[in-house]
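Novice: only geometry, no sequence info:
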């Protein structure tokens, strides 16, 4: 092997602290460079682009056609037939009057259609946020004893949810929702779905005195201890409708073209059950019905917002947690359908749209809303082309609110329970959990923790545990990184891990150690011990096999993506330890930021010019040839 | 450039989940392979090694000589002359009776000399742990109103500190103390030193009614509002001795050979001030003295431990925080002097030794002890060779306890304040803080946060903030990793960042993106956006410069040290997006764990055999030659 040319490892171009800070901040807050479309444009074009940025309706509005409208009307009516029964059901899940669920399918949908950038999002109340709001508020305030205070707190929480969402978007802190990893969400949603389904036994069994707690054990014991309240009429009717709804769901899953069967089933069930109860009301005295619902549009509710007093902290906390959960669902749904249709959804802009929609909602008797996964899927399958489908849905809800409310008088509660169970059962994604187990055991652990935490402790603590496990996983990877011995792949300048590549051979007199993590305070002691152990083990092996001993240790720094002051001390310390043993230490390919810090801390000088090489190969060639020159 | 041979990227050797877990756990808990000395040894040798492992005294004992003893006597007496006044002073810092400080310099030192593996550690009470214990306990229990309960809690906290330390060592969780990074500690110690020094104004100014709070503002206001209690006699005498002690400290810093000047100064000051007060007691009525101290050895105190009742949680919390802080100091001191003398200190073993010493201490009237930095430095400079110097020091303390206690009757409190100030002033390491600022701004921020947190909020919260900032720094690096475009260094197979290496040239039709971080849930959205932005910017540039467009994107995965399920989805998503734009995506050099997960999640199959290359160079050569073959 003839010694090849040696390339100098250079420092990154000099930058001032301000420049560095600016670059860093722009990477943190503007990684997508949102203003790139504005560059080199006339001021008029900039104005148009600005309007389009703020109100996406300006962008697609001018090109809107009759053909698009036709698709949107079909899909809008389809999601309305889902949104009306689901709205009433989810409001019950949040322990709110059913009418609030309908209000929440009206105003927010209109606002989103002006501000939102997803074309397929179907806006309205969703199960997870309803569940979490219901749990957190009724832990403190009873919705039966203090219904007005409860409603006030729900609206206030909605306001803070919106404020929090809009602020995240405005401050471009959208990446915070990334900390709810998919693994965490799979476990969380499954746990919530189990709890919600069990809670619905109240409606399905006709129990009157049911626990308001949300943990598995109190719910099950409540079901068992109120056996005498079970109503067989309710159970028979409830189970029939549940089986019907689950069957239509299965049909639509098997044949996606028949999506309309499961989309129409809830409304059909509501109509059918209402008619049944109406006709047989004398024979079915046990079956509880929704009762009177007021007619009319959303009443203004800004006077209900609650900005002082003992429960303010509860409202803010509930707002933040429901806000972050509904944001996660809304953004994920938006991104999913955007990716299927090859358009982009700007996360931060979308957060502002959802946040403003909730803030406006809280002033018009709506509780937390977002893009629902199930309804958006139906919307997409029904051929929605733009957010106009949301306007159509809102119009259908408007007609219901104005004229059809008395029809719900005899709608039995059991049908709402059956609708909720059918909706949330889809949240239990055991296939995803199995895939997590197969691919990444630690991700599965995060998933399991959030599942069990929600089931046995509480929703916020379950979430906190799951986020904790996810963060712990990152820290564990940093605390105990991979290290390995590299060997040369014969005939090349490539060096790879010898335990993985059998063809890689160790180079005599050299020990090449690869480190696969940043050098941080959290791992500096470990890395020092581990590197010295590699050297000790190699020396013992060489001695026992009577080979010539190591003369030079090369640290391959390619994957050391960052270093802090503790890491710098460690490198300096390793160098000193090796020097005492007359071993040379050189570094190969430190990345820009590492090189810069080595330079700033004067450690580079102690290595000298020959201590840092561009590649492992050049280091080996150059040092071997220097040994040959001075034998 | 002729196309070179293409090497296959292989999967790591197949391992079962159990094997993987075992390897992972052994890396987490036994990175130093503590039993490697035991391999291939006779059973007798194993027994001897085991005894040496448990009781390091067995290892050095047989070789102990008269010459070593001589050095140890000199150094032992030197540290005793420091330990006696410091012991009394630090006990006062912890709001404990002064005699507890002397007890704590006796039993723990003897136990450490049997179990400890550092040869230079001088064991006894230390300022930081004393301060923290004093603050945390007196926040809840008054040491003047309930001295017995206070003492019980202090001993109980010591027991739990020891239990916690020993458990960390036994469970091999020693890496937990690494999370107190050097940056955090620099700030924390400086903050604590400032607070402690200001607290000593009580003794130096002769104030009687002083705040028990530890924040900057209450302490300063207490000094100001009790101006009428200031005693000019105390101030004059206190300042003189303080100047004397600081001067001797400066001399020893300038000329390390004169270490004995600063080592002898505290005892000399105590003697001198006691004699002064004794002679002039009629003329100095304002000067407060220590008063009566009981003679005799450590009384047993296991009956004082407090395992139930309202304050148990406080004792446990105080124990854990003082335990972790004293452990950090002890381990750091041990490692520093071990490294200077080229021997190894096993962190986990050392934790067990310090833990057992504190548990035994709590049963013999001692409070938290560890290796003191200042006394260990004196011990080292005075020529200590083994832990026998601790035995000599303990003997000197023993003689003091048995015979010399009445001599302290007239020792003025002000001299203790002066000794404490002189000791803690060395903890303010402004040079280290300046270096942090110069090298790593975020480390400096962690340092500043812990400094200000301790100064203005409280010790535990200050520490928590600093650890939070350090962890945040790791997460930030993961959340917003570096990415960059790589180019070829002409005449080689080396590809490096084009913004750093001017000689690196982009390869036409290729876009090579290097990612410098693991692909995690926390950055998967960012990385997807960022990679697509690199592609968009490159395409715009190529189009505006009328160059031929990109046909293939290569992701250099060398520094992607891990991947989770969200990351896998992102890679799959990027591939789909690029496929729709007729761009090819290939991966270069995925590390073992990433390759394995790509395989398990079936993403590798979607890439096909030609989608993964061993190096960027081989990818470029192979793909270009395939284009030439099929134009």
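Specialist: Yep, that arrived. It should be emphasised that the depicted structure is a prediction, and the values quoted were computed from it without experimental measurement.
Novice: could I get the pLDDT score of the closest residue to chain B within the stretch 251-400 of chain A?
Specialist: Nearest residue of the stretch 251-400 of chain A to chain B: residue A:342, at 6.2 Å (CB to the nearest CB). C-beta: built from backbone N, CA, C; applies to glycine. What the model reports as pLDDT for residue A:342 is 74.
Novice: give me the pLDDT for the nearest residue to it once chain neighbours are set aside.
Specialist: Spatially, and ignoring its direct neighbours in sequence, residue A:342 is nearest to residue B:580 (6.2 Å; CB to CB, 6 or more residues apart in numbering or on different chains). On the pLDDT scale, residue B:580 is placed at 87.
Novice: phi first, then psi, for residue B:580.
Specialist: Main-chain torsions, residue B:580, degrees, to the nearest 10: phi -60, psi -30.
Novice: and for residue A:613?
Specialist: Note on residue A:613: its backbone torsions stand at phi -120, psi 160 [degrees, to the nearest 10].
Novice: show the model's pLDDT score for it.
Specialist: Looking at residue A:613, the pLDDT reads 89.
Novice: pretty sure it sits against residue A:607.
Specialist: No: using CB atoms under 8 Å, residue A:613 makes no contact with residue A:607, being 10.5 Å away.
Novice: let me see the contact set for residue A:110.
Specialist: A:390, A:391, A:394 (CB atoms under 8 Å, 6 or more residues apart in numbering or on different chains).
Novice: the second one: how many residues sit nearby?
Specialist: Put plainly, it is residue A:391. Neighbours of residue A:391 under the rule other CB atoms under 10 Å in any protein chain shown: 18.
Novice: now do it against residue B:448, distance only.
Specialist: Note on residue A:391: its distance to residue B:448, by CB to CB, to the nearest Å, is 53 Å.
Novice: where's the closest residue in space to residue A:294 that isn't next to it in sequence, which helix or strand?
Specialist: Closest residue in space to residue A:294, ignoring its immediate chain neighbours: residue A:99 at 6.2 Å, by CB to CB, 6+ apart. Assessed by DSSP states H and E, residue A:99 sits inside helix A:98-103.
Novice: residue A:263 too?
Specialist: Element membership of residue A:263 [criterion: DSSP H and E] is helix A:259-279.
Novice: quick one: the strands in chain A?
Specialist: A:123-124, A:370-371, A:483-488, A:495-497, A:510-515, A:552-556, A:584-588, A:612-613 (DSSP state E).
Novice: now do the third one against strand A:552-556, angle only.
Specialist: With axes from the mean of the first three to the mean of the last three CA atoms, to 10 degrees applied, the angle from strand A:483-488 to strand A:552-556 works out at 110 degrees.
Novice: can you check the pLDDT for residue A:348?
Specialist: 86.
Novice: how many neighbours does the residue nearest to residue A:294 have?
Specialist: Residue A:99 - counted by other CB under 10 Å - has 23 other residues nearby.
Novice: now swap in residue A:472 and tell me
Specialist: Count around residue A:472 with other CB under 10 Å applied: 14.
Novice: and the spatially most central residue of chain A, how far from residue A:31?
Specialist: Nearest to the mean C-alpha position of chain A, by CA atoms, centre = their mean, lies residue A:180 at 4.3 Å. Distance of residue A:180 to residue A:31, computed by CB to CB: 19 Å.
Novice: let me see the contact set for the closest residue to residue A:503 other than its chain neighbours.
Specialist: Beyond its immediate neighbours in the sequence, the residue positioned closest to residue A:503 (CB to CB, 6+ apart) is residue A:489, lying 5.7 Å away. Contact analysis of residue A:489 by CB under 8 Å, 6+ apart lists A:495, A:496, A:501, A:503, A:504, B:7, B:614.
Novice: quick one: residue A:489 from residue B:195, how far?
Specialist: Where residue B:195 is concerned, residue A:489 sits at a distance of 59 Å (CB to CB).
Novice: so which residue of the stretch 101-250 of chain A comes closest to chain B?
Specialist: residue A:181 (3.2 Å).
Novice: okay, now the residue nearest to that residue when sequence neighbours are not counted: neighbour count?
Specialist: Excluding the flanking residues, the one nearest residue A:181 by CB to CB, 6+ apart is residue B:521, at 3.2 Å. Using other CB under 10 Å, residue B:521 has 27 other residues around it.
Novice: would you confirm that residue B:521 contacts residue B:566?
Specialist: Yes: using CB under 8 Å, residue B:521 is in contact with residue B:566, at 3.8 Å.
Novice: around chain B, pick out the residues from the stretch 51-200 of chain A.
Specialist: Contact residues, the stretch 51-200 of chain A versus chain B (CB under 8 Å from any CB of the partner chain): A:175, A:178, A:179, A:181, A:182, A:183, A:184.
Novice: tell me the contacts of the fourth one?
Specialist: Put plainly, it is residue A:181. By CB under 8 Å, 6+ apart, the neighbours of residue A:181 are A:443, A:446, A:470, B:520, B:521, B:522, B:564, B:565, B:566.
Novice: how about the residues of the stretch 251-400 of chain A near chain B?
Specialist: A:339, A:342, A:347.
Novice: narrow those residues to those that are buried.
Specialist: A:339, A:347 (16 or more other CB atoms under 10 Å in any protein chain shown).
Novice: distance to residue A:281 added to the residues of the stretch 251-400 of chain A next to chain B, as TSV?
Specialist: Output for these, formatted as TSV (distance: CB to CB, whole Å):
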residue	distance to residue A:281
A:339	50
A:342	53
A:347	51
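Novice: hmm, back to that, what's the helix holding residue A:99 packed up against?
Specialist: helix A:66-93 (3 or more CB pairs under 8 Å, 6 or more residues apart in numbering or on different chains; DSSP states H and E).
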